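Undergrad: Have a look at this fold, sequence not included:
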């Protein structure tokens, strides 16, 4: 989608530094925030030089280092860069979760400009995937922000995007209104490049609605601006558009001339929007001129580009045209293969059309064969030719009938085998499911029993042993204090105090009072404070969760998981910093724990099946979640847990 705005927040001056020197400098730098900013410069330089294939690797390295350093500015920047790189590479589906994460952060921080930027990029990604309603929703959200904040330049660009969505939806009158509103704003702002983009979009709209003169006029206006600005890729796009307009009105010489100019411009930089259709049209024109070798060359190039950019409908159209050209060249096997591939791409709605095309090609093959036979046997009498044709037709019909019966029986046998296999697989699946349900039920009962026993022991410790120790201290303090034993007396008094504190700590750990009073967020805040007292700085982030959100059983289990994770940090990791994040998003809870400790060998630890890791894994399994361990000795540990959200009823 050539003219959709992709806000990368990049400076065009960034490529003034040599990319090679930047790469060497980054490689030599230590892992600190300066290296993060160096990755930023490298990303911007690569983008400015249009080296899009290298963007994702740099963005991922910057993001990993920012997470390792807990560098907030770097995290925000490289989440955006990675999502943008994925979108540029045509992997819009993977970019959407990152853009959504960035949008949530921008809204939380009250940064309207950043929120608008994320809305525009989400709209672009959804449009590339054909999600037109979601695309329009995000563009309109950005429009409202720009209108409210008075950003006229950004407003004109997002209007252009909205017009493209309306045009794709077939709402041509509305698209024209939006384009003209965008054009007026851009002309007022003296945005020359933006003006050219809108002229080009208007030309495409008028071409679709058969308004030839207006299409040519607007395309030539855009072409003149692009040529003046020395933008060869956009110049080629305008030539492609003009070629399409001339082809639609039957002016093939003009169409061919414009399309060949476009192809010359695409020699260095393939164009996702116009490239495949340009080569397809050139192939069609060459076929009309009966220059079939040239037609095949153009169509194959267009097919290659369409496959590269995942344009299913375009692939289908080119394959149909290519099959005709291959047949004309005598490559009947290739022609039939092209038709078969085209048929696979169509859904059931075009099944009849597919069969019709195949029958038509089969008829052409039969006719070609008969013509060849006639030329070879041109001295035969007309009567013998007629008799032979009748025999061929009869044999063909008999063969077709035999094949139909054979394939019908084979299909029925295969269908019966498939049904039997499916039933067997379903039974095995049901057995596995029952076994899993039984295991989960047993695990649930065990964990619930453990929690009840913890509560009972905690109460006994607090009410029984705690009260007893308090009484002991009271009686001890009432005893006479002989002067000769003052030191021993004071030491004993301190030991009793330590015992009281330890009983309260054990009781609190077994069943924290804050969990019952303040819910999971309050209990986690207490846990973070306890870690601070033990010399571990804990950054706790809880997003989208309130005290009443979670089911009590899930709250307790999540607390136990986090409690075990923090115990590992204190006892084994030798860390002085821990990042805890608990995020609720789209019915899912995501827990991330990242420390800067000494790390460990994950496979070795899992093989040993220590009680700590086993306890965490069993509780995650109880909550029907998943867990990922990311740790290397000497480089800290990151634990990511994903759980389904269970609402409190």
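TA: Received the coordinates, thanks. What you are looking at is a predicted structure, and each value in this text was computed from that prediction instead of being measured. Numbering: from 1, shown residues only.
Undergrad: quick one: contacts for residue 293?
TA: The contact partners of residue 293, by C-beta atoms under 8 Å, 6 or more residues apart in numbering, come to residue 329. Using the backbone N, CA and C atoms, a C-beta is placed for each residue, glycine as well.
Undergrad: Can you tell me the SS state at it?
TA: At residue 293 the chain is in helix, as set by DSSP: H, G, I helix; E, B strand; the rest coil.
Undergrad: Check the gap between it and residue 287 for me.
TA: Shown here: residue 293 relative to residue 287, a distance of 11 Å by C-beta to C-beta, to the nearest Å.
Undergrad: Give me the common contacts of those two.
TA: Counting by C-beta under 8 Å, 6+ apart, residue 293 and residue 287 have no shared contacts at all.
Undergrad: Surely residue 242 is within a helix?
TA: Yes: according to three-state DSSP, residue 242 belongs to a helix.
Undergrad: Need the pLDDT of it.
TA: According to the prediction, residue 242 has pLDDT 89.
Undergrad: ok, it - contacts?
TA: 216, 219-220, 223, 254, 258.
Undergrad: Quick one: those as CSV, columns for secondary structure too.
TA: Output for the contacts of residue 242, formatted as CSV (three-state DSSP):
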residue, secondary structure
216, helix
219, helix
220, helix
223, helix
254, helix
258, helix
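Undergrad: Distance check, the residue nearest to residue 52 when sequence neighbours are not counted against residue 239.
TA: Nearest non-adjacent residue to residue 52, counting by C-beta to C-beta, 6 or more residues apart in numbering: residue 88, 5.1 Å away. According to C-beta to C-beta, residue 88 and residue 239 sit 24 Å apart.
Undergrad: So for the two, which residue has more residues nearby?
TA: Shown here are residue 88 and residue 239; by other C-beta atoms under 10 Å, residue 239 has more neighbours (25 against 18).
Undergrad: ok, now which ones touch the more buried one?
TA: Shown in contact with residue 239 (C-beta under 8 Å, 6+ apart): 223, 258-259, 261-262, 265.
Undergrad: what about 7 Å?
TA: Shown in contact with residue 239 (C-beta atoms under 7 Å, 6 or more residues apart in numbering): 258, 261-262, 265.
Undergrad: ok, so of those, who is nearest residue 45?
TA: residue 265 (24.4 Å; C-beta to C-beta).
Undergrad: Check the closest one and give its pLDDT.
TA: pLDDT, residue 265: 76.
Undergrad: Neighbours of it, how many?
TA: Count around residue 265 with other C-beta under 10 Å applied: 22.
Undergrad: my guess is it contacts residue 237, does it?
TA: No: using C-beta atoms under 7 Å, residue 265 is not in contact with residue 237, being 8.1 Å away.
Undergrad: Run through the strands of the stretch 1-150 of the chain in chain order.
TA: Applying DSSP state E, counting those that start in this stretch to the stretch 1-150 of the chain gives no strands.
Undergrad: Check the chain too.
TA: Per DSSP state E, the chain carries strands over the ranges 537-543, 577-585, 588-595, 626-631, 637-644.
Undergrad: shouldn't residue 520 be in contact with residue 557?
TA: No: Residue 520 is not in contact with residue 557 according to C-beta under 7 Å; the separation is 10.1 Å.
Undergrad: quick one: pLDDT of residue 177?
TA: Note for residue 177: predicted pLDDT of 90.
Undergrad: same deal with the one 10 residues further on?
TA: The predicted structure scores residue 187 at 87 on the pLDDT scale.
Undergrad: List the contacts of the closest residue in space to it that isn't next to it in sequence.
TA: In space, not counting the residues next to it along the chain, residue 187 is nearest to residue 195; the distance is 5.9 Å by C-beta to C-beta, 6+ apart. By C-beta under 7 Å, 6+ apart, residue 195 lies in contact with 183, 186-187, 225.
Undergrad: Switch these over to JSON lines; also include neighbour count.
TA: Shown next, in JSON lines, are the contacts of residue 195 (neighbours: other C-beta atoms under 10 Å):
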{"residue": "183", "neighbour count": "23"}
{"residue": "186", "neighbour count": "25"}
{"residue": "187", "neighbour count": "14"}
{"residue": "225", "neighbour count": "21"}
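Undergrad: Export the residues you listed to a markdown table and append columns for distance to residue 630.
TA: Below are those laid out as a markdown table (distance: C-beta to C-beta, whole Å):
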| residue | distance to residue 630 |
| --- | --- |
| 183 | 50 |
| 186 | 47 |
| 187 | 53 |
| 225 | 50 |
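Undergrad: Which of the residues you listed sits closest to residue 335?
TA: Relative to residue 335, the closest of those is residue 225; by C-beta to C-beta it sits at 43.6 Å.
Undergrad: Domain map for this protein?
TA: Domains of the chain are assigned by automatic domain parsing as 270-371, 372-426, 519-644.
Undergrad: For residue 78, find the nearest of those domains.
TA: domain 519-644 (15.6 Å).
Undergrad: distance between that closest one and the chain's centre?
TA: With C-alpha atoms, centre = their mean, to the nearest Å as the basis, domain 519-644 stands 26 Å off its chain's centre.
Undergrad: Make 23 the first number, not 1, from now on.
TA: Got it, first residue is 23 now, which makes that one domain 541-666.
Undergrad: and that domain, what's its mean pLDDT?
TA: Across domain 541-666, pLDDT averages out at 85.
Undergrad: give the contact list for the spatially most central residue of the chain.
TA: Residue closest to the average C-alpha location in the chain (C-alpha atoms, centre = their mean): residue 116, at 1.1 Å. Listed by C-beta under 7 Å, 6+ apart, the contact set of residue 116 reads residue 108.
Undergrad: how much space between the residue nearest to residue 74 and residue 183?
TA: Distance of residue 110 to residue 183, given as C-beta to C-beta: 16 Å.
Undergrad: Also residue 352?
TA: For residue 352, the distance to residue 183 - C-beta to C-beta - is 48 Å.
Undergrad: higher neighbour count, those two?
TA: residue 183 (26 against 11).
Undergrad: Let me know whether the more buried one touches residue 162 as I believe.
TA: No: using C-beta under 7 Å, residue 183 is not in contact with residue 162; the gap is 9.9 Å.
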